[in-house]
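> Need a 3D model of the sequence below.
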Amino acid sequence: MVVLQRNEVRRHRLVFFLTVILSVITLISIVRNFSEASPPAQLGLVILAAAAVVALCLSILQFYTLPKRSKVLLFQNDDGIVIATNALHEGFKLRFLRDILGENVSAFTDEERMRWKALEADGFYATLYVRNIRKIIMLRLCTMVFDDVFVADRNNRWEHHDSSSTAEPSFSKRETPPLTSWKSSS
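Model (predicted):
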């Protein structure tokens, strides 16, 4: 598995976008010049058009396969922190956190699972339950791994740390995550 850094993903998107533009321009110029070209040049234009179509298809496909922004919600309770994420397909991030936190990670009880089940309607899944870890350590670890980190404290006050351009954002905003069907009951 290849893990891309955040700035590499941005560069890749730019390259794919430029490839789409170049392919379309190439196809338009081939259509305009095909009828007045000689037979050997027409063969070359057909080969060039095939290459442009392949490049166009691959670039469009790459737009859909590039990773989306990964978001994590941290809910601080009296006895621990619940981590909910929208990036279940990126299990290596969760394994990384679980390996670092070690014995502080515990399993959800059936009641806790039912409590956090409402998050699934918004695309978030409660994945880890961490005890005896300070909020600042958990926040630092999550900003290293995820693009958007939302933290809710015991009083349901939210902080948003946008770490899509740097692993250590210098400030946070008072924003709530895009939750529509879940209300905190802590």
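> The helix or strand where Glu111 lies packs against which elements?
Per DSSP states H and E, Glu111 falls inside helix 110-116. When contacts are defined as 3 or more CB pairs under 8 Å, 6 or more residues apart in numbering; DSSP states H and E, helix 110-116 packs onto strand 81-85, strand 125-130. Every residue, glycine included, has its C-beta placed from N, CA and C.
> chain center to it, what's the gap?
How far helix 110-116 lies from its chain's middle: 26 Å, per CA atoms, centre = their mean, to the nearest Å.
> List the buried residues for that helix?
Trp116 (16 or more other CB atoms under 10 Å).
> Stretch 134-153 too?
By neighbour count on 16+ other CB under 10 Å, the buried set for stretch 134-153 is 138-139, 141-143, 145-152.
> hmm, who's touching the helix holding Glu111?
Identification of contacts with helix 110-116 by CB atoms under 8 Å, 6 or more residues apart in numbering yields 82, 84, 108, 126, 129, 185.
> How many residues are close by the residue nearest to Gly80 when sequence neighbours are not counted?
Nearest non-adjacent residue to Gly80, counting by CB to CB, 6 or more residues apart in numbering: Arg131, 4.1 Å away. Neighbourhood size, Arg131 [other CB atoms under 10 Å]: 13.
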